[in-house]
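>>> quick one, structure for this:
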Amino acid sequence: MEQFATDDAIHALAGFTPWGGAEWLHVSNEPVDGAEISGTMVHYRTADNQLLTISVDNAIVEAGGERAVLMADYSLGDYPVPDTVDDYAQAFLSAVGTDDTEFALRLGPVDGFASTELWSHLTYGMIDVSDAGDGEALVTVPFQEGGELQLTIAVAAAEDAQPHAITSVVFVE
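So this is what the prediction gives:
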């Protein structure tokens, strides 16, 4: 990333890119011509409706230069409640990471959750799902910087795309 993007773009992406990445589909390009730059806004989307827009300096690209990605903006689009435990956990992590509190609360426990300031800015890895018994799954989310998040999810509620299928959110340092 350091070869192709500015420090600002790297910083914007670092908090939202899970290890292993996501499958981003190119949606469109939009020319941007301003007084100081002639560029292109490139839009991407994932199957679970994560949105990524990057701004590229056309002159740097045409000259074969480096660090042409000037800006990156990550967000979540409107999408329905997921219907698998894995997707439910991923959607919750994405919602918290993008400060979409309304959607995170829709997925999370009815009584809410705390400590997001301890982990929301961390880079998460590949989630692990195990059977927690009593119809619940334990989703363990490791963080690159250390610590892990443990989500308990009611399997039937998640598979029925019900809100609040996450029954517990615990951050372990």
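
>>> C-alpha only now, for contacts and for neighbours.
OK.

>>> quick one, domains of the chain?
Split into domains by automatic domain parsing, the chain comes to 7-76, 85-172.

>>> how many other residues sit next to residue 130?
Using other Cα atoms under 10 Å, residue 130 has 11 other residues around it.

>>> quick one: residues contacting it.
The neighbourhood of residue 130, defined by Cα atoms under 8 Å, 6 or more residues apart in numbering, consists of 137, 138, 139.

>>> narrow the residues you listed to those in strands?
137, 138, 139 (DSSP state E).

>>> tally of neighbours for the residue nearest to the last one when sequence neighbours are not counted?
By that I understand residue 139. In space, and not counting its chain neighbours, residue 139 is closest to residue 129: 4.5 Å by Cα to Cα, 6 or more residues apart in numbering. Counted by other Cα under 10 Å, the residues lying close to residue 129 total 18.

>>> who touches residue 129 in this structure?
Residue 129 makes contact with 86, 137, 138, 139, 140, according to Cα under 8 Å, 6+ apart.

>>> wait, doesn't the second one sit right on residue 131?
Yes: taking Cα atoms under 8 Å as the contact criterion, residue 137 and residue 131 are neighbours in contact, 4.7 Å apart.
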